[in-house]
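**Q** here is a sequence with its predicted model. Questions after.
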Amino acid sequence: MDILKFVTENQYNIITGVFGICLLIQLYYYLGIYSRLLFYSKKKAEHEKEPLSVIICAKNEELNLDKFLPSVLTQDYPDYEVIVVNDCSTDNTDLIIGKYIKQYPHLRTTTITEDKKFTHGKKLALTIGIKAAKNEILVFTDADCEPVSDKWLSKIQRNFRNQISIVIGYGGYFSKFSLLNNYIRYDTLIIALQYLSYKLAGFPYMGVGRNLAYRKSLFFKNKGFASHYQLLSGDDDLFVNENANKSNTEIEISKESHTRSVPARSFRQWFKRKKRHFVTGKYYKRTHKFLLATEQISRLFYYITFAFLISKTFFIEFIIGAFMLRMIIQLIILKNTMIRLNEKHLLLSSLFYDIFSTIINFGLYISTRLRRSTRQWK
(Lines give C-alpha, C1' and ligand atoms only; values in the text may rest on other atoms or scores of the structure.)
Protein backbone atom coordinates (compact mmCIF):
# COMPACT_ATOMS: atom_id res chain seq x y z
CA MET A 1 0.00 0.00 0.00
CA ASP A 2 2.90 2.36 0.74
CA ILE A 3 4.37 1.77 -2.72
CA LEU A 4 0.98 2.38 -4.38
CA LYS A 5 0.53 5.55 -2.36
CA PHE A 6 4.01 6.76 -3.39
CA VAL A 7 3.31 6.14 -7.09
CA THR A 8 -0.06 7.90 -6.91
CA GLU A 9 1.41 10.94 -5.21
CA ASN A 10 4.33 10.99 -7.62
CA GLN A 11 1.99 10.95 -10.61
CA TYR A 12 -0.04 13.73 -9.07
CA ASN A 13 3.06 15.83 -8.57
CA ILE A 14 4.10 15.29 -12.18
CA ILE A 15 0.67 16.33 -13.45
CA THR A 16 0.72 19.39 -11.19
CA GLY A 17 4.15 20.29 -12.54
CA VAL A 18 2.96 19.94 -16.13
CA PHE A 19 -0.03 22.15 -15.35
CA GLY A 20 2.23 24.78 -13.81
CA ILE A 21 4.65 24.76 -16.75
CA CYS A 22 1.82 25.00 -19.29
CA LEU A 23 0.24 27.84 -17.30
CA LEU A 24 3.51 29.79 -17.33
CA ILE A 25 3.88 29.23 -21.08
CA GLN A 26 0.33 30.45 -21.66
CA LEU A 27 0.92 33.52 -19.51
CA TYR A 28 4.07 34.24 -21.49
CA TYR A 29 2.10 34.27 -24.75
CA TYR A 30 -0.66 36.49 -23.39
CA LEU A 31 1.47 38.89 -21.32
CA GLY A 32 4.66 38.78 -23.37
CA ILE A 33 3.27 38.72 -26.93
CA TYR A 34 -0.50 39.21 -27.27
CA SER A 35 -0.59 42.12 -24.81
CA ARG A 36 1.49 44.16 -27.28
CA LEU A 37 -1.64 44.72 -29.32
CA LEU A 38 -3.37 45.94 -26.17
CA PHE A 39 -0.86 48.77 -25.79
CA TYR A 40 -0.29 49.47 -29.49
CA SER A 41 -1.06 53.11 -30.27
CA LYS A 42 1.48 54.17 -32.88
CA LYS A 43 0.34 57.37 -34.59
CA LYS A 44 0.77 57.45 -38.34
CA ALA A 45 0.55 60.89 -39.86
CA GLU A 46 -0.78 61.21 -43.38
CA HIS A 47 1.87 61.98 -45.99
CA GLU A 48 2.10 62.37 -49.75
CA LYS A 49 -0.12 59.79 -51.38
CA GLU A 50 1.87 57.65 -53.79
CA PRO A 51 0.14 55.95 -56.74
CA LEU A 52 -1.22 52.48 -55.95
CA SER A 53 -2.13 49.35 -57.87
CA VAL A 54 -4.90 47.17 -56.42
CA ILE A 55 -4.78 43.58 -57.69
CA ILE A 56 -7.75 41.20 -57.57
CA CYS A 57 -7.69 37.69 -58.98
CA ALA A 58 -11.07 36.29 -60.06
CA LYS A 59 -12.11 32.82 -61.15
CA ASN A 60 -15.85 32.47 -61.72
CA GLU A 61 -16.61 35.40 -59.44
CA GLU A 62 -19.29 37.27 -61.42
CA LEU A 63 -21.64 37.65 -58.45
CA ASN A 64 -18.99 38.76 -55.99
CA LEU A 65 -17.38 41.17 -58.44
CA ASP A 66 -20.71 42.76 -59.21
CA LYS A 67 -21.39 43.17 -55.51
CA PHE A 68 -18.00 44.20 -54.11
CA LEU A 69 -15.89 45.66 -56.93
CA PRO A 70 -17.63 49.08 -56.78
CA SER A 71 -16.41 49.59 -53.19
CA VAL A 72 -12.84 49.12 -54.42
CA LEU A 73 -13.33 51.37 -57.43
CA THR A 74 -14.80 54.25 -55.40
CA GLN A 75 -12.03 54.69 -52.85
CA ASP A 76 -11.24 58.22 -51.69
CA TYR A 77 -7.73 58.14 -53.12
CA PRO A 78 -6.27 60.48 -55.77
CA ASP A 79 -4.22 58.11 -57.94
CA TYR A 80 -4.75 54.38 -58.15
CA GLU A 81 -5.56 51.64 -60.61
CA VAL A 82 -7.48 48.40 -60.10
CA ILE A 83 -6.36 45.33 -62.01
CA VAL A 84 -8.72 42.35 -62.14
CA VAL A 85 -7.08 39.18 -63.42
CA ASN A 86 -9.74 36.99 -65.01
CA ASP A 87 -8.30 33.53 -64.49
CA CYS A 88 -9.99 31.08 -66.87
CA SER A 89 -13.51 31.98 -65.73
CA THR A 90 -16.36 30.12 -67.40
CA ASP A 91 -19.17 32.33 -66.09
CA ASN A 92 -19.92 35.96 -66.90
CA THR A 93 -16.93 37.41 -65.05
CA ASP A 94 -15.70 39.06 -68.27
CA LEU A 95 -19.06 40.78 -68.80
CA ILE A 96 -19.10 42.16 -65.25
CA ILE A 97 -15.57 43.51 -65.64
CA GLY A 98 -16.50 45.01 -68.99
CA LYS A 99 -19.50 46.74 -67.46
CA TYR A 100 -17.39 48.47 -64.83
CA ILE A 101 -14.55 49.34 -67.21
CA LYS A 102 -17.03 51.58 -69.04
CA GLN A 103 -17.80 53.42 -65.79
CA TYR A 104 -14.35 53.56 -64.20
CA PRO A 105 -11.33 54.45 -66.36
CA HIS A 106 -8.88 53.35 -63.62
CA LEU A 107 -10.11 49.75 -63.90
CA ARG A 108 -7.96 47.45 -66.02
CA THR A 109 -8.12 43.74 -66.71
CA THR A 110 -6.05 40.90 -68.06
CA THR A 111 -7.29 37.44 -68.95
CA ILE A 112 -5.73 34.00 -68.63
CA THR A 113 -7.15 31.48 -71.08
CA GLU A 114 -7.44 27.83 -70.16
CA ASP A 115 -4.77 25.43 -71.37
CA LYS A 116 -5.71 21.79 -70.81
CA LYS A 117 -2.06 20.77 -71.00
CA PHE A 118 -1.06 23.13 -68.20
CA THR A 119 -2.71 23.57 -64.83
CA HIS A 120 -1.93 26.43 -62.50
CA GLY A 121 -2.94 27.96 -59.19
CA LYS A 122 -3.64 31.48 -58.01
CA LYS A 123 0.05 32.39 -57.89
CA LEU A 124 0.25 32.57 -61.68
CA ALA A 125 -2.71 34.94 -61.79
CA LEU A 126 -1.16 37.12 -59.10
CA THR A 127 2.20 37.20 -60.88
CA ILE A 128 0.54 38.30 -64.11
CA GLY A 129 -1.37 41.01 -62.23
CA ILE A 130 1.83 42.21 -60.55
CA LYS A 131 3.67 42.38 -63.87
CA ALA A 132 0.79 44.38 -65.35
CA ALA A 133 0.78 46.88 -62.46
CA LYS A 134 2.07 50.36 -63.29
CA ASN A 135 2.85 51.38 -59.71
CA GLU A 136 5.42 50.42 -57.09
CA ILE A 137 2.99 49.89 -54.19
CA LEU A 138 0.69 46.90 -54.64
CA VAL A 139 -2.46 46.32 -52.58
CA PHE A 140 -4.13 42.90 -52.63
CA THR A 141 -7.64 41.75 -51.86
CA ASP A 142 -10.04 39.08 -53.12
CA ALA A 143 -13.06 39.21 -55.37
CA ASP A 144 -15.35 38.30 -52.47
CA CYS A 145 -13.94 41.06 -50.24
CA GLU A 146 -15.31 44.49 -49.46
CA PRO A 147 -13.39 47.38 -47.88
CA VAL A 148 -15.39 48.66 -44.92
CA SER A 149 -14.77 52.29 -45.86
CA ASP A 150 -13.57 54.49 -48.72
CA LYS A 151 -10.46 55.29 -46.64
CA TRP A 152 -9.10 51.76 -46.99
CA LEU A 153 -6.35 52.62 -49.46
CA SER A 154 -5.38 55.80 -47.63
CA LYS A 155 -4.94 53.94 -44.34
CA ILE A 156 -2.89 51.17 -45.94
CA GLN A 157 -0.69 53.53 -47.97
CA ARG A 158 0.24 55.83 -45.08
CA ASN A 159 2.52 53.09 -43.71
CA PHE A 160 4.81 53.05 -46.75
CA ARG A 161 7.60 55.32 -45.64
CA ASN A 162 11.32 54.94 -45.10
CA GLN A 163 12.23 51.25 -45.27
CA ILE A 164 8.71 49.79 -45.01
CA SER A 165 8.02 47.30 -47.82
CA ILE A 166 5.16 45.17 -46.41
CA VAL A 167 1.93 46.29 -44.74
CA ILE A 168 -0.28 43.72 -43.04
CA GLY A 169 -3.95 44.60 -42.66
CA TYR A 170 -6.93 42.86 -41.11
CA GLY A 171 -9.35 40.85 -43.24
CA GLY A 172 -12.41 39.72 -41.33
CA TYR A 173 -15.64 38.00 -42.40
CA PHE A 174 -19.21 39.15 -42.67
CA SER A 175 -21.24 38.27 -39.60
CA LYS A 176 -24.43 36.27 -39.54
CA PHE A 177 -26.26 34.21 -36.94
CA SER A 178 -24.87 30.67 -37.12
CA LEU A 179 -22.47 28.48 -35.16
CA LEU A 180 -20.20 28.05 -38.17
CA ASN A 181 -20.00 31.79 -38.79
CA ASN A 182 -19.33 32.45 -35.12
CA TYR A 183 -16.45 29.97 -35.03
CA ILE A 184 -14.96 31.18 -38.33
CA ARG A 185 -14.89 34.74 -37.02
CA TYR A 186 -13.38 33.58 -33.72
CA ASP A 187 -10.70 31.58 -35.55
CA THR A 188 -9.94 34.57 -37.78
CA LEU A 189 -9.72 36.84 -34.73
CA ILE A 190 -7.25 34.54 -32.95
CA ILE A 191 -5.07 34.17 -36.04
CA ALA A 192 -5.05 37.95 -36.45
CA LEU A 193 -4.16 38.40 -32.79
CA GLN A 194 -1.19 36.13 -33.40
CA TYR A 195 0.23 37.60 -36.60
CA LEU A 196 -0.34 41.19 -35.52
CA SER A 197 1.18 40.64 -32.07
CA TYR A 198 4.10 38.63 -33.43
CA LYS A 199 4.93 41.55 -35.73
CA LEU A 200 4.89 43.92 -32.75
CA ALA A 201 7.18 41.49 -30.93
CA GLY A 202 9.69 41.73 -33.77
CA PHE A 203 9.09 38.57 -35.80
CA PRO A 204 6.31 38.96 -38.41
CA TYR A 205 5.37 35.59 -39.87
CA MET A 206 2.27 35.96 -42.04
CA GLY A 207 -0.44 38.15 -43.52
CA VAL A 208 -3.72 37.44 -45.31
CA GLY A 209 -4.29 38.05 -49.00
CA ARG A 210 -7.66 39.62 -48.25
CA ASN A 211 -5.84 42.72 -47.01
CA LEU A 212 -2.15 42.86 -47.76
CA ALA A 213 0.22 45.29 -49.47
CA TYR A 214 3.86 45.26 -50.50
CA ARG A 215 6.29 46.84 -52.94
CA LYS A 216 6.59 45.55 -56.47
CA SER A 217 10.38 45.80 -56.26
CA LEU A 218 10.39 43.51 -53.19
CA PHE A 219 8.41 40.90 -55.12
CA PHE A 220 10.84 40.72 -58.04
CA LYS A 221 13.98 41.16 -55.94
CA ASN A 222 13.08 38.00 -54.00
CA LYS A 223 11.86 36.07 -57.06
CA GLY A 224 8.18 36.25 -56.19
CA PHE A 225 6.60 32.88 -55.40
CA ALA A 226 9.41 30.82 -56.97
CA SER A 227 10.40 28.93 -53.80
CA HIS A 228 6.87 27.67 -53.13
CA TYR A 229 5.15 27.93 -56.49
CA GLN A 230 4.33 24.20 -56.41
CA LEU A 231 2.11 24.66 -53.36
CA LEU A 232 -1.62 25.29 -53.75
CA SER A 233 -1.60 28.14 -51.21
CA GLY A 234 1.00 30.40 -49.65
CA ASP A 235 0.65 33.39 -51.97
CA ASP A 236 0.11 35.51 -48.86
CA ASP A 237 1.48 33.88 -45.71
CA LEU A 238 4.55 32.20 -47.22
CA PHE A 239 5.50 35.32 -49.14
CA VAL A 240 5.34 37.35 -45.93
CA ASN A 241 7.14 34.61 -43.98
CA GLU A 242 10.05 34.65 -46.42
CA ASN A 243 10.37 38.40 -46.91
CA ALA A 244 9.16 40.16 -43.75
CA ASN A 245 11.36 41.31 -40.91
CA LYS A 246 10.95 43.65 -37.96
CA SER A 247 12.28 46.67 -39.84
CA ASN A 248 10.54 46.36 -43.23
CA THR A 249 7.04 45.44 -42.07
CA GLU A 250 4.20 47.43 -40.52
CA ILE A 251 0.65 46.65 -39.45
CA GLU A 252 -2.48 48.69 -40.11
CA ILE A 253 -5.44 47.99 -37.82
CA SER A 254 -7.54 51.16 -37.91
CA LYS A 255 -11.21 50.28 -38.36
CA GLU A 256 -11.35 52.14 -41.67
CA SER A 257 -8.62 49.87 -43.07
CA HIS A 258 -10.43 46.55 -42.58
CA THR A 259 -11.95 44.36 -45.26
CA ARG A 260 -14.80 41.88 -44.92
CA SER A 261 -15.15 38.66 -46.89
CA VAL A 262 -17.79 36.04 -47.59
CA PRO A 263 -17.19 33.15 -45.13
CA ALA A 264 -17.41 29.44 -45.91
CA ARG A 265 -20.98 28.24 -46.20
CA SER A 266 -20.39 24.78 -44.76
CA PHE A 267 -18.03 23.07 -42.33
CA ARG A 268 -16.73 20.97 -45.21
CA GLN A 269 -15.80 24.06 -47.22
CA TRP A 270 -14.17 25.65 -44.18
CA PHE A 271 -12.17 22.49 -43.38
CA LYS A 272 -10.87 22.45 -46.95
CA ARG A 273 -9.68 26.05 -46.65
CA LYS A 274 -8.10 25.46 -43.24
CA LYS A 275 -6.22 22.38 -44.43
CA ARG A 276 -4.53 24.44 -47.14
CA HIS A 277 -3.26 26.79 -44.43
CA PHE A 278 -1.85 23.87 -42.44
CA VAL A 279 -0.05 22.61 -45.55
CA THR A 280 1.81 25.90 -45.90
CA GLY A 281 2.50 26.13 -42.18
CA LYS A 282 5.21 23.48 -42.32
CA TYR A 283 7.22 25.75 -44.62
CA TYR A 284 7.38 28.59 -42.08
CA LYS A 285 10.67 29.53 -40.50
CA ARG A 286 11.67 27.29 -37.59
CA THR A 287 11.22 30.00 -34.98
CA HIS A 288 7.66 30.67 -36.14
CA LYS A 289 6.75 26.98 -36.25
CA PHE A 290 8.14 26.49 -32.75
CA LEU A 291 6.22 29.43 -31.29
CA LEU A 292 2.93 28.48 -32.94
CA ALA A 293 3.21 24.80 -32.02
CA THR A 294 4.28 25.50 -28.45
CA GLU A 295 1.23 27.67 -27.83
CA GLN A 296 -1.14 25.00 -29.17
CA ILE A 297 0.50 22.09 -27.33
CA SER A 298 0.81 23.93 -24.03
CA ARG A 299 -2.85 25.00 -24.22
CA LEU A 300 -3.98 21.42 -24.89
CA PHE A 301 -2.03 19.99 -21.92
CA TYR A 302 -3.06 22.94 -19.77
CA TYR A 303 -6.72 21.97 -20.09
CA ILE A 304 -6.06 18.22 -19.81
CA THR A 305 -4.09 18.56 -16.58
CA PHE A 306 -6.56 21.08 -15.18
CA ALA A 307 -9.43 18.64 -15.75
CA PHE A 308 -7.50 15.99 -13.81
CA LEU A 309 -6.44 18.26 -10.96
CA ILE A 310 -9.89 19.66 -10.17
CA SER A 311 -11.14 16.11 -9.72
CA LYS A 312 -8.78 15.83 -6.73
CA THR A 313 -8.96 17.66 -3.44
CA PHE A 314 -5.33 18.73 -3.11
CA PHE A 315 -4.65 22.45 -3.56
CA ILE A 316 -8.01 22.95 -5.27
CA GLU A 317 -8.07 26.66 -4.39
CA PHE A 318 -4.66 27.21 -5.96
CA ILE A 319 -5.58 25.35 -9.15
CA ILE A 320 -8.84 27.24 -9.63
CA GLY A 321 -7.15 30.54 -8.80
CA ALA A 322 -4.44 29.93 -11.40
CA PHE A 323 -7.10 28.97 -13.95
CA MET A 324 -9.11 32.12 -13.25
CA LEU A 325 -5.99 34.31 -13.56
CA ARG A 326 -5.28 33.08 -17.08
CA MET A 327 -8.93 33.36 -18.06
CA ILE A 328 -9.22 36.97 -16.88
CA ILE A 329 -6.04 37.98 -18.72
CA GLN A 330 -7.26 36.15 -21.80
CA LEU A 331 -10.67 37.85 -21.77
CA ILE A 332 -9.14 41.32 -21.31
CA ILE A 333 -6.84 40.87 -24.30
CA LEU A 334 -9.52 39.27 -26.47
CA LYS A 335 -12.00 42.02 -25.66
CA ASN A 336 -9.45 44.68 -26.62
CA THR A 337 -8.69 42.82 -29.86
CA MET A 338 -12.39 42.56 -30.66
CA ILE A 339 -12.79 46.31 -30.19
CA ARG A 340 -9.76 47.14 -32.33
CA LEU A 341 -10.79 44.75 -35.11
CA ASN A 342 -14.49 45.58 -34.81
CA GLU A 343 -15.61 42.01 -34.07
CA LYS A 344 -18.68 41.44 -31.94
CA HIS A 345 -20.42 38.64 -30.02
CA LEU A 346 -17.34 36.42 -29.65
CA LEU A 347 -16.19 36.92 -26.07
CA LEU A 348 -18.34 34.37 -24.23
CA SER A 349 -18.10 31.74 -26.95
CA SER A 350 -14.31 32.16 -26.93
CA LEU A 351 -14.18 30.39 -23.55
CA PHE A 352 -15.60 27.27 -25.18
CA TYR A 353 -13.66 27.61 -28.44
CA ASP A 354 -10.37 28.09 -26.57
CA ILE A 355 -10.65 24.54 -25.27
CA PHE A 356 -11.81 22.73 -28.38
CA SER A 357 -10.00 24.69 -31.11
CA THR A 358 -6.77 22.88 -30.21
CA ILE A 359 -8.50 19.54 -30.83
CA ILE A 360 -9.91 20.80 -34.15
CA ASN A 361 -6.51 22.11 -35.22
CA PHE A 362 -4.81 18.88 -34.24
CA GLY A 363 -7.33 16.95 -36.34
CA LEU A 364 -6.72 19.24 -39.30
CA TYR A 365 -2.97 18.82 -38.91
CA ILE A 366 -3.26 15.01 -38.95
CA SER A 367 -5.59 15.19 -41.94
CA THR A 368 -3.04 17.16 -43.97
CA ARG A 369 -0.45 14.49 -43.26
CA LEU A 370 -2.70 11.60 -44.29
CA ARG A 371 -4.14 13.03 -47.49
CA ARG A 372 -2.44 14.89 -50.27
CA SER A 373 -4.25 18.03 -51.39
CA THR A 374 -5.37 18.32 -54.99
CA ARG A 375 -4.39 21.37 -57.02
CA GLN A 376 -7.25 23.80 -57.28
CA TRP A 377 -7.41 27.57 -57.64
CA LYS A 378 -9.22 28.51 -54.45
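**A** Arrived safely, thanks for sending.

**Q** what about the closest residue to L52 other than its chain neighbours, how many residues nearby?
**A** Nearest non-adjacent residue to L52, counting by CB to CB, 6 or more residues apart in numbering: Y80, 4.1 Å away. For glycine as for every other residue, the C-beta is placed from the backbone atoms N, C-alpha and C. Residues within reach of Y80, counting by other CB atoms under 10 Å, total 21.

**Q** the one 10 residues further on too?
**A** Taking other CB under 10 Å as the neighbour definition, T90 ends up with a count of 8.

**Q** again with the one 3 residues further on
**A** The local packing count at T93 equals 25, with neighbours defined by other CB under 10 Å.

**Q** I253 too?
**A** Applying other CB under 10 Å, we find 19 residues neighbouring I253.

**Q** and K216, by the same measure?
**A** Neighbourhood size, K216 [other CB under 10 Å]: 17.

**Q** mind starting the numbering at 216 from now?
**A** New numbering, starting at 216: the last item is K431.

**Q** pretty sure it sits against K349.
**A** No - in this structure K431 lies outside contact range of K349 using CB atoms under 8 Å: 9.4 Å.

**Q** anything in contact with each of the two?
**A** Common neighbours of K431 and K349 (criterion: CB atoms under 8 Å, 6 or more residues apart in numbering): S268.

**Q** which stretches of the stretch 266-415 of the chain form helices?
**A** 277-288, 308-318, 337-347, 367-372, 394-415 (DSSP state H, counting those that start in this stretch).

**Q** please name every helix or strand in contact with the last one.
**A** Yep, that's helix 394-415 we're talking about. Using 3 or more CB pairs under 8 Å, 6 or more residues apart in numbering; DSSP states H and E, the elements in contact with helix 394-415 are helix 250-253, strand 381-383, strand 386-388, strand 464-466, helix 482-496, helix 501-524, helix 531-555, helix 562-585.

**Q** could you check the pLDDT of the closest residue to D309 other than its chain neighbours?
**A** Using CB to CB, 6+ apart and skipping residues adjacent in sequence, the residue nearest D309 is N301, 5.8 Å away. Listed pLDDT for N301 reads 94.

**Q** N301 and S476, how far apart?
**A** Distance of N301 to S476, given as CB to CB, to the nearest Å: 19 Å.

**Q** count of neighbours near N225?
**A** Residues near N225, counting by other CB under 10 Å, number 10.

**Q** which secondary structure element contains it?
**A** Assigned by DSSP states H and E, N225 falls within helix 217-242.

**Q** figure out how far that helix is from the centre of its chain.
**A** Here the centre of helix 217-242 is set off from its chain's centre by 36 Å, with CA atoms, centre = their mean, to the nearest Å.

**Q** mean confidence score for it?
**A** For helix 217-242, mean pLDDT rounds to 78.

**Q** spit out the contact partners of N576.
**A** Contacts of N576 (CB under 8 Å, 6+ apart): 493, 511.

**Q** distance of it from R425?
**A** When distance is defined by CB to CB, N576 is 21 Å away from R425.

**Q** Y227 against K527, yeah?
**A** Yes - with contact defined as CB under 8 Å, Y227 and K527 form a contacting pair (6.8 Å).

**Q** neighbour count winner among the two?
**A** Using other CB under 10 Å as the criterion, Y227 and K527 rank with Y227 on top: 15 against 12.

**Q** can you list the domain ranges for this structure.
**A** 227-255+502-585, 267-404+418-484 (automatic domain parsing).

**Q** in CSV, list these along with distance to L411.
**A** What follows is those, written out as CSV (distance: least, CB to CB, whole Å):
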stretch, distance to L411
domain 227-255+502-585, 6
domain 267-404+418-484, 5
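
**Q** please identify the most buried of these.
**A** Of all these, domain 267-404+418-484 carries the top mean neighbour count, a mean of 19, counting by mean count of other CB atoms under 10 Å.

**Q** pretty sure F482 contacts L395?
**A** Yes - contact criterion CB under 8 Å: F482 and L395 qualify, at 6.0 Å.

**Q** so where's this structure shaky on pLDDT?
**A** 216-223, 332, 528-529, 586-593 (pLDDT under 70).

**Q** again, only this time at 90
**A** Low-confidence segments of the chain, defined by pLDDT under 90, span residues 216-231, 256-263, 303-304, 328-336, 376-377, 442-449, 482-497, 523-533, 574-593.

**Q** contact partners for the residue most central in space within it?
**A** Central residue of the chain (CA atoms, centre = their mean): V423, 4.6 Å from the mean position. Contacts were defined as CB under 8 Å, 6+ apart; by that measure V423 touches 383-386, 407, 451-452.
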